[in-house]
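Novice: predicted model and sequence below, questions to follow.
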Amino acid sequence: MVTFYSSSLGRIVGVARGARRPKSRFGGTLEPLNHVQVSLSRGRTLDTITESTGLRIFGNLKADLKLIAEGLYIAELVDTFGDDWAPNKDMFTSFLKHLFILNSTVTSPMATRMFEMRLLACCGFLPEFQICVECNNRLEPSGYAFSPQLGGVICKDCSMEYDPQRLNISFNGMKVVRWLQNHVNFDDFMHDNKIALETQREVEAVMRVYLRYVAERELRSTRFLDLLNSL
């Protein structure tokens, strides 16, 4: 069983008969994180993969364990938020673009945060970082609280009253998430060392808790990713 995400069909699942054999006609094209072109034979319950051609194997990515972990993480995000037989071309384009970035081996953790933000935008779950989601007032420079349940930031006057389990965001953290939400160029993160490590971790925590809430489960790949990042 192989799961694909397609620009024209959304998430699809096919059966690759004989793929595990040493002399399989599929070769290594059906390995995870490959960009491939496939032919499917429609069946009553499951489709059969009849042909697979590798377009991009991303060899540099697969030579680094941490990059593999990042790739598997974004692949699980796409698998979680993508719908069967429902194309989302923006999601596909962002996914493929990020695989190219990982394959370049010159990356910043903030590039993955931007992918997360774009994925949420593609699916209609973009969080609110400009106004308070409770009182609708514009947020003033201060400390903030993020509510995954409400899908955005709460001002200091509302946070204690409406969401005692809030996740705090600093002023610098808020500037970064707003920049991620409004910016369009992945490449600006390629050599970026200007964002403090503490702020990067803060933004990662905000995105992680919100993605978990929207997905309604913990992503399996995050454990592997966290383990490698701790080494």
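Specialist: Arrived safely, thanks for sending. Residues are numbered from 1 along each chain as shown.
Novice: use CA for all of it now, contacts and neighbours both
Specialist: Will do.
Novice: can you name the next helix or strand after the helix or strand of the chain with the lowest mean pLDDT?
Specialist: Lowest on mean pLDDT, DSSP states H and E among the helices and strands of the chain sits helix 156-162, with a mean of 69. Once helix 156-162 ends, the next helix or strand along the chain (criterion: DSSP states H and E) is strand 167-169.
Novice: output the contacting helices and strands for the helix or strand following that following strand.
Specialist: Later in the chain than strand 167-169, the nearest helix or strand by DSSP H and E is helix 171-182. Packing partners of helix 171-182 (3 or more CA pairs under 8 Å, 6 or more residues apart in numbering; DSSP states H and E): helix 109-123, helix 197-215.
Novice: can you redo these as JSON lines with mean neighbour count?
Specialist: Below are the helices and strands packed on helix 171-182 laid out as JSON lines (neighbours: other CA atoms under 10 Å):
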{"stretch": "helix 109-123", "mean neighbour count": "20"}
{"stretch": "helix 197-215", "mean neighbour count": "17"}
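Novice: got CSV for the ones you listed, with distance to Tyr73 and mean pLDDT too?
Specialist: Formatted as CSV, these follow (distance: least, CA to CA, whole Å; pLDDT from 0 to 100):
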stretch, distance to Tyr73, mean pLDDT
helix 109-123, 9, 91
helix 197-215, 11, 93
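Novice: same list, the ones you listed, but as JSON lines with distance to Met91 please.
Specialist: Shown next, in JSON lines, are those (distance: least, CA to CA, whole Å):
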{"stretch": "helix 109-123", "distance to Met91": "6"}
{"stretch": "helix 197-215", "distance to Met91": "15"}
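Novice: can you give me the strands in this protein?
Specialist: 2-6, 10-15, 35-41, 47-56, 144-147, 152-154, 167-169 (DSSP state E).
Novice: and the third one, average pLDDT?
Specialist: Right, the one you point to is strand 35-41. For strand 35-41, mean pLDDT is 94.
Novice: one more: the fifth one?
Specialist: Mean per-residue pLDDT for strand 144-147: 90.
Novice: that one pairs with which strands?
Specialist: According to DSSP bridges, strand 144-147 forms sheet pairs with strand 152-154 (antiparallel), strand 167-169 (antiparallel).
Novice: mean neighbour count, those strands: which tops it?
Specialist: For those, average neighbour numbers computed from mean count of other CA atoms under 10 Å are highest in strand 152-154, which has a mean of 26.
Novice: distance from the chain centre to that one, please.
Specialist: Relative to the chain's own centre, strand 152-154 is displaced by 21 Å; criterion: CA atoms, centre = their mean, to the nearest Å.
Novice: got it, and stretch 25-44?
Specialist: Relative to its chain's centre, stretch 25-44 lies at 22 Å (CA atoms, centre = their mean).
Novice: how long is it from one end to the other?
Specialist: Between the opening and closing residues of stretch 25-44 there is a gap of 24 Å (CA to CA, to the nearest Å).
Novice: what residues does that stretch touch?
Specialist: For stretch 25-44, contacts defined as CA atoms under 8 Å, 6 or more residues apart in numbering pick out 2, 14, 19, 47-58, 71-72, 75, 96, 99.
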